[in-house]
Every structure is written in C-alpha cells, then in structure tokens.
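> need a 3D model of the sequence below.
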Amino acid sequence: MQERPARPARTSRSDERALRRTTAARDSRAAASTRAEPRPARATPRNIAQARASSARAEPAAGGSRPSARPSARPSARPSARTAAAAFAAPALGPAAATAPAPRPDPEARLIAIYRLVGHEELDQALTQAEALARDHPNFPLAQLVYGDLMMARSGSLRSFGAAPLAQLPANAERLQQLRDEARRRLAALRERPPAGAIPRQFLMLPPSSRHAIAVDASRSRVYLFENGDAGLRLVADYYASLGKLGTDKHAEGDQRTPLGVYFITSRLDARQLSDFYGSGALPLNYPNEYDRRLGRTGSGIWLHGVPGDSYARSPNSTDGCVALANPDLAAILGRVQPRSTPVLIAPSLEWVQPRALDAERERVRNLLEGWRIARSSGDLQRALSFYSPQFSAGSLTRAQLPQGLEREMATLRGRNTHIKDLSVLAWRDRSDIMVVTFGEVLEGQRSGPIKRQYWGKEGGLWKIFYEGVIG
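So this is what the prediction gives:
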C-alpha cells in the first residue's frame, strides 16, 4: 500500500508573502470550483526525501492515496534550472525527434512532456505537471521519482537523475536503479525516433490479410505497432515494455529470458480469462517455433500481457520471459491485432530501413519460391527435392521419408498448376540466415487452399527448406 505523503511543511514569512501574491490571481479561477485548494508546501529536505522514497518503493496499489501537497507557491529565483536540465539529460526537441508521433493523453506522454520542459529549463511548469502526474497515477513509480527529482532541483541539491540519498534508502537501492533504467529507456525513445516511413528490415513481405505487425526492440524496452494498408506498413504507435529479468536470447525453460526471433500471435485472451497478474489481457506467441526447436531451445508460455491492477508499469527487466506492457497500452493492441496472421518480431535492436531498400531482396525471394512452385506443379521430383535441406524434418516426417511424401502430393495435383497467395516473408539472422515463409497454396480454378508455413535456412550459401507444414 502506498505511504501517505507528508503533511505540508510550515512556511516562512517570505514564503507566505510570495504565496499571497501568487494566490490572488488564482482565487478567481478557484471560485468556480467547489473543491478547496490544498495548502501549498515548500520543497524542503523532508518533502523531497518522502517523495523520492515513495518512488523507490514497490509499485503502490491502484487505489492508493493521492499526494496532498501541491507546491504552487514557488520562489521566483531558479538557480538550479541548468543543473536540473543537465541532470535529467532531457533533450530539447530538434530534428532528431521530428518524426515523433503526436503526444497521447496517457501517462507516458505526460512524462515525456515533463522531460521536454526540463530540457527547455522550464522547471516551474515541469514541477506543476510532475506533481499532477504523480497525483493522477500514484501507481506510476517513475512519475513519483521525477517529482522528487524536481523538488530536489528546486533546493539546488540535484546532482544527477534519480540521485536519491541511498544511504537513507539502502533497501530500495536496487529499485531506484531500476527506475533510472526505465527513465533512460523512455528518454531514448524520445531522442531517437525511427526515420519517417521506415520499417524493420525483418519485415520483408506482408500480405493484406496481415493487417498489423509488432516489433519489439529489446535494447530500448519498446514495442512498435504497425498497420498494414495499401501503401504498406506504417508505424502507428509505440509503447514502453518490460522484458526478461535476465535479458533476452531464451534457451531453456525457466531461464527468465525473453526469446529472440520472429513469431506469430496464436490467440487472444481477455482479462476475464486470466488472473489479475496479467492485467488487461494477453497475446500468446508460438514460442518455441520450428527454428527454436531445431536449436534445442525449450520453454513455453511466452506472452505479450498487461500488469497487475495495482501497478502502472514494470521495470525494464522484471518478467520471467514475457513482454509486459501497461494495461492501457496492451488493451490498445488487443483491440487491433488478429491471432495467427499478426507477426511479432523480437530483436536485440531494430534495424530500420526504407521499404524500397528491400526491393531487390524481395525479388530474389519471389524467384526462389517460384522455382519451388514450378518444380512441384510440373511433377519434377528431383528438382523439388533440391529445395529441401538434408536436415529437413516436419513432425514424424524425416528427410528420408520426404521423397515419398512429395510424390503423394504431386500425384494429387495431377499436373494442375498451383498459385501462391497471401505471401508473408519474415527474415531473421543470428547463427545463420533464416526466413519464415507463410502462404496459401491454391490450385488453378479454385479460390482457396491449404495455408503452409516453411522455414528456410542458408546452407553453403544456398537457401534450403528445413521445415514445412500446413497450419490452416
């Protein structure tokens, strides 16, 4: 449960004179409200310590008490403004941030607005907004920390962001460091926006049936949501997220790491189907995929999900391997994406490229798949087998059994031509180059057919299929 903030400190005579001057103009506005304005408080060491201690504790309950001290009467002198701006390392927005989406009326947007104000050395307004954010979202620890930092800046004792007196808060030192990390990652998302119109390199092709795509940049603790329309992929939103306690590159059950690779959402679970731990819902992923299995990776239950109702967000590395988002952010994604057709890329960091930069690679992939299609349609068994890896396996079907399996499939075609529809190609690279290819295989004269998924890998410089299966 959140600790109640300290009572307003007693003001000095000089502060009372300043208060009378500032409240005169405010009284006319307050007259229209039936809610009494709380007595303002000074930025004293006691207030600072308690605001910062509140932020360093574990996330408070959603129904916790709201701060009552509102330091609206502030001295006019601000000798620490430049120091505070440097300590926060909050940039004044320039060309690097020109592609940032319009601010959203959510807690993170308000937090970023505060950072902007600090970057422009507008500390009075920043403090007012930080106080309001901390009051409106008492379960947002980073907001409490920023509020405490700004109060400390007013006293002239702020040396660096989150520079709490750890000697006074030894039990909360780790939590405070987590908040510092969260702040740095949120700020990185403000400073370094993706280039306008760019997409992650891994999204080679997506059909119109895949209306959305998701990319996770582990280095930034950021989830990017794309909409797929007539003009291709377009970034529509991005969100802060928490990943595995021990980082990424999952290998084994229980290793508390988030997997890296390309996956698909398999289902959608709303809050009514889950415990409060998962917040507003969950989107399970198909981890481990066939490439993971090939490498001997184990584990299961990797989801995108929300956070408990008494929290706003989790620190950057605090899950058992899932990707956790604030409940409003997860709810926004839940309302848009479709299971089975929505790819989810999880990468150490995202490489952003303009879509046209992928044209040559797309053409090579189309030619490769066309060669495979022609070999099957023409009944050329040996040519068709040349597209498959010696390490091919698909369930109970081994490479030794593959020729018989292909012969049976070709026999059912009876020389009829096939077409590839709704082609999706996702690229991946770690130990080797991988492609995850999904498509509908439709016989000439028919309107639909089985949906297949293939995993291709490079072997000796040549692309080979090491897994193939029907998924729908």
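
> residues in contact with residue 445?
By CB atoms under 8 Å, 6 or more residues apart in numbering, residue 445 lies in contact with residue 416. Placement of C-beta: from N, CA and C, glycine included.

> wait, I meant residue 202
By CB under 8 Å, 6+ apart, the residues touching residue 202 are 215, 262, 345, 347, 426, 427, 428.

> next, give phi and psi for it.
Main-chain torsions, residue 202, degrees, to the nearest 10: phi -70, psi -20.

> what of the one 3 residues further on?
When quoted as degrees, to the nearest 10, the phi and psi of residue 205 stand at phi -140, psi 140.

> from residue 328, how far out is the closest residue to it other than its chain neighbours?
Using CB to CB, 6 or more residues apart in numbering and skipping residues adjacent in sequence, the residue nearest residue 205 is residue 425, 4.2 Å away. Look at residue 425 and residue 328: by CB to CB, to the nearest Å, they are 33 Å apart.

> for the stretch 351-472 of the chain, what spans make up the helices?
Taking DSSP state H, counting those that start in this stretch to define them, one finds helices in the stretch 351-472 of the chain at 359-378, 381-385, 402-413.

> could the ones you listed go into JSON lines alongside distance to residue 244?
Below are the helices of the stretch 351-472 of the chain laid out as JSON lines (distance: least, CB to CB, whole Å):
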{"stretch": "helix 359-378", "distance to residue 244": "31"}
{"stretch": "helix 381-385", "distance to residue 244": "40"}
{"stretch": "helix 402-413", "distance to residue 244": "37"}
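
> between these, which one is nearest to residue 108?
helix 359-378 (34.7 Å; CB to CB).

> looking at residue 425 and residue 328, which one has more neighbours?
Using other CB atoms under 10 Å, the more surrounded residue of residue 425 and residue 328 is residue 425, with 24 against 16.

> distance of the more buried one from residue 351?
16 Å.

> repeat for residue 359
Residue 359 sits 16 Å away from residue 351, going by CB to CB.

> one more: residue 287?
Distance, residue 287 to residue 351, using CB to CB: 22 Å.

> which one's more surrounded, the two?
Higher neighbour count among residue 287 and residue 351: residue 287, with 23 against 12, using other CB under 10 Å.

> Three-state assignment for the more buried one, please.
For residue 287, the assignment made with DSSP: H, G, I helix; E, B strand; the rest coil gives coil.

> local confidence estimate at it?
As summarised for this prediction, residue 287 has a pLDDT of 98.

> skipping its backbone neighbours, what lies nearest it in space?
residue 302 (4.1 Å).

> phi, psi of the one you found?
Dihedral angles of residue 302 (phi, psi; degrees, to the nearest 10) stand at phi -90, psi 120.

> quick one: contacts for residue 312?
Contacts for residue 312 (CB under 8 Å, 6+ apart) come out as 59, 107, 137, 139, 140, 141, 326.

> how many other residues sit next to the nearest residue to residue 107 once chain neighbours are set aside?
Nearest residue to residue 107 in three dimensions, chain neighbours excluded: residue 137, at 5.1 Å (CB to CB, 6+ apart). If you count neighbours by other CB under 10 Å, residue 137 ends up with 22.

> change the start of the numbering to 32 and stick with it
I'll keep to 32 as the first residue from here, and by that count the last item is residue 168.

> wait, residue 168 touches residue 178, no?
No: counting by CB atoms under 8 Å, residue 168 stays clear of residue 178, with 10.9 Å between them.

> quick one: the helices in this structure?
44-61, 76-87, 112-119, 138-150, 154-167, 172-186, 204-222, 321-325, 358-365, 390-409, 412-416, 433-444 (DSSP state H).

> now do the fifth one against helix 172-186, angle only.
With axes from the mean of the first three to the mean of the last three CA atoms, to 10 degrees as the criterion, the two stretches helix 154-167 and helix 172-186 enclose an angle of 150 degrees.

> remind me which residues of the protein are low pLDDT?
Scanning the chain for pLDDT under 70 picks out 32-136, 187-202.

> could you report the neighbour count for residue 442?
Residue 442 has 10 neighbours, counted by other CB under 10 Å.

> scratch that, residue 289 is what I was asking about
Other residues near residue 289 come to 26 when the count uses other CB under 10 Å.

> just checking, it touches residue 333?
Yes: with contacts counted by CB under 8 Å, residue 289 reaches residue 333, the gap being 7.3 Å.

> who touches both of those two?
Common contacts of residue 289 and residue 333 (CB under 8 Å, 6+ apart): 281, 352, 353, 354.

> if I pick the residue nearest to residue 318, what's in contact with it?
281, 289, 290, 294, 315, 316, 318, 352, 353, 354.
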